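Enquirer: Based on what follows, work out the 3D shape:
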Amino acid sequence: MLDLELLKTFVCVVDEGSFTRAAERVHRTQSTVSQQVRKLEKTVGHTLLLRDRTGQNIALNPQGEMLIQYARRLLAISSEALDVLASDCDLEILRVGVPEDFDSRRMASLLAGFNLACPQARLETISGMSIELKQKLTAGEIDIALVKREPNSGPSWASWPERLVWVRGVEHSFAQGVLPLALFPQGCIYRQRAIRLLDVAQRPWRVAFGSHSLTGIQAAVAAGLAVSVLPISAVLPEHTLCTDLPELPPTELALISRDGALTGLQRALVEFLRQALGEQRLGPNTSPEPTRT
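Expert: Numbering: from 1, shown residues only. Below you'll find the predicted structure:
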């Protein structure tokens with residue numbers, strides 16, 4: 001195994017082109033530097049340097065040319081590892097839950113903005129259905145989550161109403177027969193809304209497409225495979241609204257956290273998301289405590 005300390009001395013000798021100058025640079029005697037180079041040569045089984053008669057000026061032989069490249073890379077990796085470990089000691093991990101059906105590109109952009117503003121935070125993002133994220137909060141597996149839910153159904157740091165609409169592909173119509181649906185999995189509030197309203201209206205339906213992914217549902221609708229329920233913000237140019245289906249009551253996007261006081265960085269993330277997602281600012285004398293409903 002190569003000794004990094006010997007490699008460091010070897011690189012220093014090569015860079016200085018002299019044992020004497022290398023010894024001065026590392027604050028060691030010339031004999032110590034020479035001994036370290038000889039020890040490295042013994043380890044690799046090759047002479048690495050060409051020395052002149054005085055022993056003061058050196059050059060690399062073919063084996064030395066090969067080793068110097070690896071030596072520089074190994075020393076750089078070692079330095080990088082130490083820097084990362086040292087910086088990690090000052091980082092605070094923030095575990096954030098994001099709904100599976102939330103716009104991933106939009107969320108990634110938001111979190112990247114927070115990382116720029118607070119580089120001392122290390123974000124770990126977990127996606128899942130809202131019901132799963134609530135369970136992870138309760139279990140302490142995440143600290144903060146955005147969830148889709150019924151309006152005013154619990155405490156939150158911030159909440160935003162979501163207008164829901166029925167959508168179909170621009171060039172596709174499903175006026176007659178059994179209505180094909182593109183739905184998120186069981187537990188999704190959009191799915192519950194769609195099925196309940198159609199059942200009440202006695203409109204026959206079937207699941208034609210299922211996906212955890214918002215982009216998957218959007219694509220299925222655009223391709224004419226099915227009709228779906230989406231928040232108005234997720235409607236694409238390839239979609240058109242269905243006006244002949246039951247009106248959908250709004251849902252709510254809520255920013256919630258696990259029980260207990262938030263750290264300074266967790267509060268910073270909450271406030272960042274409040275602003276970025278369009279929450280109205282609180283009054284100047286109101287602290288950002290969870291709203292209780």
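Enquirer: who's in contact with the residue nearest the centre of the chain?
Expert: Nearest to the mean C-alpha position of the chain, by CA atoms, centre = their mean, lies Thr125 at 5.0 Å. Contacts for Thr125 were tallied using CB atoms under 8 Å, 6 or more residues apart in numbering; they are 96-98, 107, 111. Glycine gets a C-beta too; all of them are placed from N, C-alpha and C.
Enquirer: repeat for Pro151
Expert: Pro151 makes contacts with 159, 161, 250-252, as judged by CB under 8 Å, 6+ apart.
Enquirer: Helices of the stretch 51-200 of the chain, start to end?
Expert: With DSSP state H, counting those that start in this stretch as the criterion, the stretch 51-200 of the chain has helices at 62-88, 104-117, 130-138, 189-200.
Enquirer: Spell out which residues make up each domain of the protein.
Expert: What automatic domain parsing lists as the domains of the chain is 4-88, 92-161+252-276, 164-249.
Enquirer: end-to-end on the last one?
Expert: Meaning domain 164-249. 7 Å (CA to CA, to the nearest Å).
Enquirer: so how far is that domain off the chain centroid?
Expert: Put simply, domain 164-249 sits 29 Å off its chain's centre (CA atoms, centre = their mean, to the nearest Å).
Enquirer: so which strand or helix has Leu230?
Expert: Following DSSP states H and E, one finds Leu230 within strand 228-231.
Enquirer: Can you list the helices and strands that that strand packs against?
Expert: Packed against strand 228-231 by the contact rule (3 or more CB pairs under 8 Å, 6 or more residues apart in numbering; DSSP states H and E) you find strand 164-169, strand 179-183, helix 189-200, helix 214-222.
Enquirer: Specify the local secondary structure of the residue nearest to Thr29 when sequence neighbours are not counted.
Expert: Of all residues not flanking Thr29 in the chain, Ala23 sits nearest, at 6.0 Å (CB to CB, 6 or more residues apart in numbering). Secondary structure for Ala23, judged by DSSP: H, G, I helix; E, B strand; the rest coil, is helix.
Enquirer: and Ala23, what pLDDT?
Expert: On the pLDDT scale, Ala23 is placed at 89.
Enquirer: Could you do Glu279 as well?
Expert: Looking at Glu279, its pLDDT reads 48.
Enquirer: picking that back up, with the contacts of Thr125 in mind, which one is nearest to Gln69?
Expert: Leu111 (38.4 Å; CB to CB).
Enquirer: Contact partners for the closest one?
Expert: 96, 123, 125.
Enquirer: Could you tell me the end-to-end distance of stretch 257-269?
Expert: First-to-last residue span, stretch 257-269, CA to CA: 11 Å.
Enquirer: buried stuff in that stretch?
Expert: Buried residues in stretch 257-269, counted by 16 or more other CB atoms under 10 Å: 257-258, 262, 265-266, 268-269.
Enquirer: do stretch 97-106 as well
Expert: For stretch 97-106, the neighbour count (16+ other CB under 10 Å) marks 97-104 as buried.
Enquirer: Stretch 29-42 too?
Expert: Across stretch 29-42, burial judged by 16+ other CB under 10 Å covers 30, 33-34, 36-37, 40-41.
Enquirer: Now distance to Ile232 too, for the residues you listed, in a markdown table please.
Expert: Below are these laid out as a markdown table (distance: CB to CB, whole Å):
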| residue | distance to Ile232 |
| --- | --- |
| Gln30 | 77 |
| Val33 | 72 |
| Ser34 | 76 |
| Gln36 | 70 |
| Val37 | 71 |
| Leu40 | 68 |
| Glu41 | 72 |
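Enquirer: Format the contacts of Leu111 as a markdown table; extra columns: distance to Gly278 and pLDDT.
Expert: Putting the contacts of Leu111 into a markdown table (distance: CB to CB, whole Å; pLDDT from 0 to 100) gives the following:
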| residue | distance to Gly278 | pLDDT |
| --- | --- | --- |
| Val96 | 18 | 92 |
| Leu123 | 21 | 88 |
| Thr125 | 20 | 90 |
